[in-house]
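Novice: Dropping a prediction and its sequence here:
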Amino acid sequence: MYAKKFEPIAGKCPEIIEYLMASPDIPEQENLRFKIQLSIEEIVENIVQYAYENGAGHVEVSTHREKDDLVIRFKDAGIPFNPLEKPDPDISLSVIDRPVGGLGIFICKQMMDEVCYEYKDGCNILSIRKKIVSE
Amino acid sequence: MKTTISQNGKKYNVVLTGRIDTTTAAQFEQDMKPLMDIENGDITIDCADLEYTSSQGLRTFLTLQKKVMTHNGQLVLTNMQAQVKEVFDITGFSNIIKIV
């Protein structure tokens, strides 16, 4: 298991993303790395910005493989928040009606095969899963 | 991440190079500020060397599109790489921002 705990997390987005992208579980294909990084980035930014007041808490991140699947997990003990409860944005709206922002978790859901959330023992646990097909 | 803006009358050519990500998104937003209040501007953004954009980058593109419309201008994104285009497609941005 490739795993690390970061604490405190204020200002550590680049460091956390870099750590995850360096995991041996993450494939080398550029198109997959693009999708994975995009998903990781949206999640890490959410946690660093909103999970704790002033980012003064921790996050545990890990990666592993389950058969063909890459699984990345994020665990924090911050404010309970299920990002999956948020309705998807209406992507058919015109420029004027389209709100700025609110796309992060939606992009993540589109890029990954599965996004799961659970609240357990005082922790937010978000897992993302992507099938890795070797070329 | 590098943004180069050149101006010829009402025509603005912008060249983006690199990645709009967690470390560069704020800089990109700053770099685009001068384009936000142009009247009747004709803005072309060359995305050939734009390798990546997160949702923070998309925010800036949408804000720019809104501003350009308010000021009766035009915005076109050109030469976008396939992976970046996919992000614009899945978010519906391809329908509200002109990409050629």
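Specialist: Yes, it's here. Numbering: from 1, shown residues only, chains lettered A, B, ... in the order given.
Novice: What separation is there between the residue nearest the centre of chain B and residue B:32?
Specialist: In chain B, the centroid-proximal residue (C-alpha atoms, centre = their mean) is residue B:61; its distance is 4.7 Å. If you measure residue B:61 against residue B:32 using C-beta to C-beta, to the nearest Å, the figure is 9 Å. Where you see a C-beta, it was placed from the backbone N, CA and C, and this is true even at glycine.
Novice: who does the strand ranked longest in chain B pair up with?
Specialist: Longest strand in chain B by number of residues (criterion: DSSP state E): strand B:42-53. Next to strand B:42-53 in the sheet, as set by DSSP bridges, lie strand B:11-20 (parallel), strand B:74-78 (parallel).
Novice: buried set for it?
Specialist: B:42, B:43, B:44, B:45, B:46, B:47, B:50, B:51, B:52, B:53 (16 or more other C-beta atoms under 10 Å in any protein chain shown).
Novice: Phi and psi next, for residue 85.
Specialist: Since you didn't name a chain, this refers to chain A. Dihedral angles phi and psi of residue A:85 (degrees, to the nearest 10) take the values phi -80, psi -20.
Novice: ah, I was thinking of chain B
Specialist: The phi/psi pair for residue B:85 (degrees, to the nearest 10) is phi -60, psi -40.
Novice: Give me the distance between it and residue A:32.
Specialist: 17 Å.
Novice: More neighbours: these two, which one.
Specialist: Using other C-beta atoms under 10 Å in any protein chain shown, the more surrounded residue of residue B:85 and residue A:32 is residue A:32, with 18 against 15.
Novice: list the contacts for that one?
Specialist: Shown in contact with residue A:32 (C-beta atoms under 8 Å, 6 or more residues apart in numbering or on different chains): A:130, A:132.
Novice: If we use 10 Å, what do you get?
Specialist: Residue A:32 makes contact with A:26, A:70, A:111, A:130, A:131, A:132, A:133, A:135 under the criterion C-beta atoms under 10 Å, 6 or more residues apart in numbering or on different chains.
Novice: Max pairwise distance over those residues: which two?
Specialist: Between any two of these, the greatest separation by C-beta to C-beta is 18.6 Å, found for A:111 and A:135.
Novice: Just want to know which of the two has more residues nearby.
Specialist: Using other C-beta under 10 Å as the criterion, residue A:111 and residue A:135 rank with residue A:111 on top: 22 against 6.
Novice: near chain A, which residues of chain B show up?
Specialist: B:19, B:21-25, B:51-56, B:58-63, B:65-66, B:68-70, B:75, B:81-84, B:86-87, B:89-97 (C-beta under 10 Å from any C-beta of the partner chain).
Novice: can you tell me which helix in chain A is longest?
Specialist: For chain A, the helix with the greatest residue count under DSSP state H is helix A:30-46.
Novice: Would you mind writing the CA trace of it as CSV?
Specialist: Only the C-alpha atoms of helix A:30-46 are listed here, as CSV (Å, rounded to 0.1, in the frame of the first residue of the first chain):
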residue,chain,number,x,y,z
GLU,A,30,-0.4,9.9,-20.7
ASN,A,31,-4.2,10.0,-21.4
LEU,A,32,-4.9,8.1,-18.2
ARG,A,33,-2.5,10.2,-16.1
PHE,A,34,-4.3,13.3,-17.3
LYS,A,35,-7.7,12.0,-16.2
ILE,A,36,-6.3,10.8,-12.9
GLN,A,37,-4.5,14.0,-12.1
LEU,A,38,-7.5,16.0,-12.9
SER,A,39,-9.6,14.0,-10.5
ILE,A,40,-7.0,14.0,-7.7
GLU,A,41,-6.6,17.7,-8.0
GLU,A,42,-10.3,18.5,-7.7
ILE,A,43,-10.6,16.4,-4.6
VAL,A,44,-7.4,17.5,-2.9
GLU,A,45,-8.3,21.2,-3.4
ASN,A,46,-11.7,20.6,-1.9
